[in-house]
Structure formats: C-alpha cells, structure tokens
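Student: coords below, sequence missing:
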C-alpha cells in the first residue's frame with residue numbers, strides 16, 4: 001500500500017473521488033428488476049485500485065524486504081496506481097468508463113454510475129457501479 005497521506009495536491013495528484021451510485025437510481029433499478037422479473041448479479045473487483053494507469057510521476061520508497069544489502073535505499077517509479085494513492089479510485093473509474101464505452105454501453109446523463117446497452121432482442125443490460133462493486137441486471141436467461 002502506498003502512503004497517500006504524503007501526497008500533495010497539484011504535485012502528486014489532480015483529482016480524487018470515488019463514484020457512488022445515487023440511491024434514487026438504485027431504488028429505481030431494484031423496482032425495475034422486480035417488476036420485469038430480471039436477473040440481478042453482484043460482483044466485486046478485487047484488484048480495483050491496481051488497474052489505473054498513472055499520468056503523474058509518483059515515486060515510492062522501496063518496500064521493506066526488497067532492499068539490496070550494500071546499496072543505498074532505492075526509489076520505485078510507479079506506472080500503475082496502488083491502494084492508498086489518492087487518485088486510485090478516479091483512475092479505476094476512467095478505465096472502467098473507457099471499457100464500457102468501447103463495448104457500446106451508454107452512460108446515463110442523470111447518474112454517471114449507470115450504464116445501459118440495448119440488445120438485439122430489444123431487452124437491456126444495465127450495469128451499476130459503486131466504487132469497486134457492480135450490479136448487473138438483464139433479461140432472464142433460458
């Protein structure tokens with residue numbers, strides 16, 4: 001885990017946020033699932049904050065146990081975000097958003113945590129993002 005508490009705004013990061021779905025959106029989607037007898041799946045992304053590409057240059061002290069005897073302490077230059085960095089959540093969201101759009105999902109104008117895609121049979125697949133948890137709703141299979 002990185003020591004994000006040592007980061008300085010405008011030096012190590014520009015923006016920090018964790019996207020959280022609006023409760024109104026969540027209630028509406030649960031009502032839609034119940035009314036239309038849709039399947040509902042929940043998933044948690046275990047490596048969420050390790051997936052973001054860093055634009056900023058961030059150096060980190062070499063982790064304990066990886067020191068080389070006789071060499072002065074080394075510094076690691078991070079290429080990907082780590083747990084503890086202030087911008088990890090926003091980097092994760094940017095990757096998630098880019099992937100969803102590449103798969104032809106549309107982000108809601110009312111809630112940036114809601115993505116929908118119309119299927120060939122006129123049904124919809126709906127994704128809701130809550131930081132690193134997701135709900136996926138769609139027509140029952142089989």
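Tutor: Nice, thanks for sending it over. All values derive from a computational prediction rather than experimental measurement.
Student: please count neighbours and contacts with C-alpha atoms only from this point.
Tutor: Noted.
Student: low-confidence ranges in the chain?
Tutor: Counting by pLDDT under 70, the low-confidence segments of the chain come to 1-18, 142.
Student: all strands for it, in order.
Tutor: Assigned by DSSP state E, the strands in the chain fall at 39-44, 53-61, 75-80, 106-107, 114-118, 124-130, 133-138.
Student: who are the packing partners of the last one?
Tutor: What that stands for is strand 133-138. Under the contact definition 3 or more C-alpha pairs under 8 Å, 6 or more residues apart in numbering; DSSP states H and E, strand 133-138 sits against strand 39-44, strand 124-130.
Student: rerun at 10 Å
Tutor: helix 23-36, strand 39-44, strand 114-118, strand 124-130 (3 or more C-alpha pairs under 10 Å, 6 or more residues apart in numbering; DSSP states H and E).
Student: now find how far off-centre the first one is within its chain.
Tutor: Translated: helix 23-36. 22 Å (C-alpha atoms, centre = their mean, to the nearest Å).
Student: quick check: most distant residue from the centroid of the chain.
Tutor: Distance to the chain centre peaks in the chain at residue 70, reaching 40.3 Å (criterion: C-alpha atoms, centre = their mean).
Student: next up, the contacts around the nearest residue to residue 94 once chain neighbours are set aside.
Tutor: Spatial nearest neighbour of residue 94, chain neighbours left out: residue 52 (7.8 Å); criterion: C-alpha to C-alpha, 6 or more residues apart in numbering. Residue 52 sits next to 79-82, 87-96 when contact means C-alpha atoms under 10 Å, 6 or more residues apart in numbering.
Student: run the last query once more with 6 Å
Tutor: Residue 52 makes contact with 80, 81, 91, 92 under the criterion C-alpha atoms under 6 Å, 6 or more residues apart in numbering.
Student: tabulate those (TSV), appending neighbour count and distance to residue 32.
Tutor: Output for those, formatted as TSV (neighbours: other C-alpha atoms under 10 Å; distance: C-alpha to C-alpha, whole Å):
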residue	neighbour count	distance to residue 32
80	15	38
81	24	36
91	25	31
92	22	28
